[in-house]
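[1] heads up, no residue letters with this:
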């Protein structure tokens with residue numbers, strides 16, 4: 001599980017160029033300064049840090065499906081989209 005989650009996030013980062021080309025207006029309207037995407041990324045990461053959530057992903061099928069949707073599309077894509085839009089101060093605060 002600890003190897004699978006980062007790979008799902010990287011997969012989302014690799015999908016980003018295709019999604020950016022296809023839905024460019026959505027990304028400009030929704031995440032114009034990068035803060036919204038970083039906030040979504042942090043919420044998803046914090047949610048998956050709970051041990052109970054990770055345990056349920058092994059036994060409950062809809063939680064496992066949410067893992068495969070949330071990491072690439074709600075963590076990887078927003079992180080890659082937001083990082084270039086953030087100011088240096090916001091990057092320093094995030095790190």
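    Structure's in. What do you need? What you see is a predicted model; the values in this text were computed from it and never measured. Residues are numbered from 1 along each chain as shown.
[2] make it CA atoms for all contacts and neighbour counts henceforth
    Noted.
[3] Need the three-state assignment for residue 64.
    helix (DSSP: H, G, I helix; E, B strand; the rest coil).
[4] which residues touch it?
    56-58 (CA atoms under 8 Å, 6 or more residues apart in numbering).
[5] ok, these vs residue 93, which is closest?
    residue 57 (30.9 Å; CA to CA).
[6] Now do the SS call for that closest one.
    The local conformation at residue 57, judged by three-state DSSP, is helix.
[7] Hmm, residue 63 and it touching each other?
    Yes - Residue 57 is within contact range of residue 63, at 5.0 Å (criterion: CA atoms under 8 Å).
[8] Comparing these two, which residue is more hemmed in?
    Under the neighbour definition other CA atoms under 10 Å, residue 57 and residue 63 were set side by side, and residue 57 has more, 19 against 16.
[9] And the pLDDT for the closest residue to the more buried one other than its chain neighbours?
    The shortest distance from residue 57 to any non-neighbouring residue, by CA to CA, 6 or more residues apart in numbering, is to residue 64 (4.4 Å). The score at residue 64 is 92. That number is its pLDDT.
[10] swap in residue 76?
    Turning to residue 76, the model gives it a pLDDT of 94.
[11] Give me the number of neighbouring residues for it.
    Residues near residue 76, counting by other CA under 10 Å: 24.
[12] for the helix or strand where residue 47 lies, packing partners?
    Following DSSP states H and E, one finds residue 47 within helix 35-49. Under the contact definition 3 or more CA pairs under 8 Å, 6 or more residues apart in numbering; DSSP states H and E, helix 35-49 sits against helix 77-83.
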